[in-house]
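> return a 3D structure for these sequence lines:
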Amino acid sequence: MRPTLLLTHAARALAAPGAPCAGQTVVAGLSGGPDSVAMLDALLVLAPARGLRVVAAHLDHGLRATARDDAAFCRDLCRRLGVPLREGTADVAGRAQRDGGGVEEAAREERYAFLRGVKEAEEAAAIAVAHTRDDQAETLLLRLLRGAGRRGLAAMRERSGDLWRPMLAVSRAEVLAHLCARELPSREDPTNADPSFLRNRVRSELLPYLESRLNPSARETLARTAALLAEEDDLLAEMADALWTRVARREGQIAFLDRQALMGAPRALARRALRRALAETGGLRGVGHDHVEGLLALAGGVSGRRLPLPGGREAFVRFGEIRLGPRLTAAGPFAFDLPVPGRVELPGGQAVVARSADGPARAEERSAVVAAPEGPLVVRSRRAGDRVRAGIGDVSLKRFLIDRRIPADLRPRLPLVAAGNLVLWVPGLTPAPATEPAERYVRLELQGAEAR
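Have a look, this model is predicted:
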C-alpha cells in the first residue's frame, strides 16, 4: 500500500518522544466522523510494526436522533477493521443543565470521562483523539477572540497528559484523501453545520475569508504559530514553577501566597502563579482575566481587602499573604482566658501564645509585645464597647477596623487579645503602643497556618 500523507504524519507522531511504545495499548476515540475514522485506520496500519494494541471507543452523547445509526456504523467499521470497540452512553444535556455550562463543554467533559474510563479498564498508555491542523487553527482563533494569553493561544499539544493527538500536523484535506485512497466510509455530524456554534462559524466563515482575502495558507500559518507559542509557553511554565516554590504554600484546599515576592516578580509570571493557585484550590471554571487581574491588585492592596471568586471561593489579604480558598462561613462569638505564660487554641486551628517580655511595646505581623495592665487577659471575638489605644487616646474598635478597610463579614472572625474592653492586639493590625513605661509587658504570638 502506498503511504498517504496522513500515514506519514502519523508515523512521525508515533516516533516522537512520549508516544506510546511497544507492548502498550492505545484507546482511539471514534465518533464515526472522517477524522476519527482516518486516525483509527492509520493507527491500525502502523500498530503492528510498533508493537501496539489498539482499542476503539465510541460514546453516544444522547443529543441526536441519529446517534444509534452512528453507533451501528462504528460497530460495522470496527468489525471490518478487526479492532475491538468499547461503547458508552451519556446524558450531555442533563450535565449541561446541572453544571450551568454549555452543551459543547458538557459533551467534552462526558467524552473525556468515558475515554478515561475505557483507558483504565484496558490499562492503556494513552487516549488518541483525532484533532487535526484545521482544528488547531480554529482553536487558536477561538481563544484569540476570547482574549486568551500565550498559554491559551498555544492551543492543543500533541501530548497533553494522557491525551495523544497523532494527527495534529494533518490537514482536513489529507484526511479526506486518506479515506478516499483506503476506500473507507465515514459519517458527517449534522451539528457541524449548525451556525449557533461559534466554532462552526469560525470554520465556515472566518477561516475561508482569511484564506480568500488575506492568506491562502492561513490554517497552516495559524497552526505553526500555535506550535511556536507552545514552545515559548513551556519555557514560561518552567519559570513560573520556580516562582511558585518561592511564593506559595498549600494547606488542603487553601493556598497562601507571599505578597511581597509576588509583587516583585514579573507580572506575566505572577499571573501564572495566581492561575495555578486558582487551579489547585477548586479549578478554573468560571475564572476569567478580570479575576486574575483582581488578585494582582489585591496583592498590592492593604490588609483585610477581599475578592469573591468563582466556585464559592474568596481571596483576602492578611499579614503579608493572600489567602485563597473556600469562602469562610460566619463565625460565632468566642472567648478564652489567656494565662501568662500560656497558650490558647482557637477555632479554625490557630493558637495564641503569651509569655512575659521586656519592653518597649512593638509589633510585627504575627507577634507583638504589648503593655498589658495587671489582671487577666482574654483571647476573644469583638464585643460592643471595645476600644483600641491609638496615639494619645483611644478609639472604638469599629472605627479602628473601618479605617483599615477590614470587610464587615471578616471582623467577627478576628481574634483579639484584650484586657476588659481595651483591645491590646489585633493580629496583623497593630494598635499604637503605650507611650509611657508599663509595669508589665507581654509577648503575644499567633501560631497556625491559616491567618484568618
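> hmm, Arg306 and Ala315 touching each other?
Yes - using Cβ atoms under 8 Å, Ala315 is in contact with Arg306, at 6.7 Å. For every residue, glycine as well, the C-beta is placed using N, CA and C.
> and Ala227, that one's in a strand?
No - assigned with DSSP: H, G, I helix; E, B strand; the rest coil, Ala227 falls outside any strand and is helix.
> count the residues that sit near it.
Around Ala227 there are 17 other residues, counting by other Cβ atoms under 10 Å.
> distance of it from Ala154?
8 Å (Cβ to Cβ, to the nearest Å).
> still on that earlier bit, mind listing the shared neighbours of Ala315 and Arg306?
The contact sets of Ala315 and Arg306 overlap at Leu298 (Cβ atoms under 8 Å, 6 or more residues apart in numbering).
> give me the more crowded residue out of the two.
Neighbour totals were compared for Ala315 and Arg306, and Ala315 leads with 25 against 21 (other Cβ under 10 Å).
> doesn't the more buried one fall inside a strand?
Yes - under three-state DSSP, Ala315 sits within a strand.
> Gly428 contacts Ser367, correct?
No - here Gly428 does not reach Ser367: they are 10.4 Å apart, not a contact under Cβ under 8 Å.
> which one's more surrounded, those two?
Neighbour comparison, Gly428 and Ser367: the larger count goes to Gly428, with 23 against 16 (by other Cβ under 10 Å).
> any idea how far Leu424 is from the residue positioned nearest the centre of the chain?
Note on the chain: the residue nearest the mean C-alpha position is Ala279, at 2.4 Å, using Cα atoms, centre = their mean. Going from Ala279 to Leu424 by Cβ to Cβ gives 41 Å.
> which one is Leu30 nearest to, not counting chain neighbours?
Nearest non-adjacent residue to Leu30, counting by Cβ to Cβ, 6 or more residues apart in numbering: Ala56, 4.5 Å away.
> the one you found belongs to a strand?
Yes - Ala56: assigned to a strand according to three-state DSSP.
> and the residue nearest to the centre of the chain, which of the three is it?
Taking three-state DSSP, the label given to Ala279 is helix.
> quick check: it vs Arg133, distance?
Counting by Cβ to Cβ, the gap from Ala279 to Arg133 is 28 Å.
> what helix or strand is Val378 on?
strand 377-380 (DSSP states H and E).
> could I get the average pLDDT for that strand?
Averaged over strand 377-380, pLDDT sits at 94.
> Leu236: what's it in contact with?
Arg150, Arg151, Ala268, Leu269, Arg272.
> is it possible to export those to TSV including secondary structure?
Below are the contacts of Leu236 laid out as TSV (three-state DSSP):
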residue	secondary structure
Arg150	helix
Arg151	helix
Ala268	helix
Leu269	helix
Arg272	helix
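> mind listing what Leu446 touches?
Gln350, Ala351, Val352, Arg366, Ser367, Pro415, Pro427.
> check which helix or strand covers the nearest residue to Ala128 once chain neighbours are set aside.
Among residues not flanking Ala128 along the chain, Ala28 sits closest, at 4.6 Å (Cβ to Cβ, 6+ apart). Following DSSP H and E, the helix or strand that holds Ala28 is strand 25-29.
> following that strand, which helix or strand comes up?
Taking DSSP H and E, what comes next after strand 25-29 is helix 34-50.
> give the other helices and strands that that next one contacts.
helix 5-15, strand 25-29, strand 53-60, helix 67-81, helix 172-182 (3 or more Cβ pairs under 8 Å, 6 or more residues apart in numbering; DSSP states H and E).
> buried sites along that helix?
34-47, 50 (16 or more other Cβ atoms under 10 Å).
> which other residues reach it?
Contacts with helix 34-50, where a contact means Cβ under 8 Å, 6+ apart, come from 1, 6-7, 10-11, 14, 20-22, 26, 28-30, 52-54, 56, 77, 81-83, 128-132, 135, 166-167, 170, 172, 175-176, 178-179, 182, 184-186, 188.
> report pLDDT for Gly332.
77.
> distance of it from Gly349?
16 Å.
> tell me which of those two has more neighbours.
Gly349 (12 against 8).
> confirm that that one sits in a helix.
No - judged by three-state DSSP, Gly349 forms no part of a helix; its state is coil.
> wait, it touches Gly448, no?
Yes - using Cβ under 8 Å, Gly349 is in contact with Gly448, at 5.1 Å.
> any regions of this protein where pLDDT drops low?
1, 303-304, 319, 329-331, 348, 390-392, 407, 409, 430-437, 449-452 (pLDDT under 70).
> show me it divided up by domain.
The chain is divided into the following domains under automatic domain parsing: 5-227, 252-326, 335-447.
> and the strands in the stretch 151-300 of the chain, which stretches?
Listed from the start of the chain, the stretch 151-300 of the chain has strands (DSSP state E, counting those that start in this stretch) covering 159-160, 163-164, 248-251, 254-258.
> got a list of contacts for the first one?
Think strand 159-160. With Cβ under 8 Å, 6+ apart as the criterion, strand 159-160 contacts Gly18, Ala19, Ala126, Arg165.
> and the first one, how many residues sit next to it?
Neighbour count for Gly18, taken as other Cβ under 10 Å: 10.
> kindly report the same for the last one.
By the other Cβ under 10 Å criterion, the neighbourhood of Arg165 contains 22 residues.
> pretty sure it contacts Arg157?
Yes - Arg165 lies in contact with Arg157 (Cβ under 8 Å); the separation is 7.4 Å.
> tell me how many other residues surround the closest residue to Glu374 other than its chain neighbours.
Nearest non-adjacent residue to Glu374, counting by Cβ to Cβ, 6+ apart: Arg440, 6.2 Å away. Residues near Arg440, counting by other Cβ under 10 Å, number 14.
> who touches Arg440 in this structure?
Ser356, Ala371, Ala372, Pro373, Glu374.
> from Thr89, how far off is the first one?
Distance, Ser356 to Thr89, by Cβ to Cβ: 71 Å.
> which element is Val417 on?
Going by DSSP H and E, Val417 is part of strand 416-419.
> hmm, who's touching that strand?
338, 352, 354, 370, 372-373, 375-382, 386, 397, 423-426, 444.
> of the residues you listed, which count as buried by neighbour count?
338, 352, 354, 370, 372, 377-382, 386, 397, 423-426, 444.
> so which of these belong to strands?
Leu338, Val352, Ala354, Val370, Leu377, Val378, Val379, Arg380, Val423, Leu424, Trp425, Leu444 (DSSP state E).
> now flag whichever of these is closest to Gly161.
Val352 (44.5 Å; Cβ to Cβ).
> residues in contact with the closest one?
Leu338, Arg343, Val344, Leu346, Val379, Pro415, Val417, Leu444, Glu445, Leu446, Gln447.
> between those, which is nearest Ile322?
Using Cβ to Cβ, Leu446 comes nearest to Ile322 of the contacts of Val352, at 17.2 Å.
> can you name the helix or strand that the closest one falls in?
Using DSSP H and E, Leu446 falls in strand 441-447.
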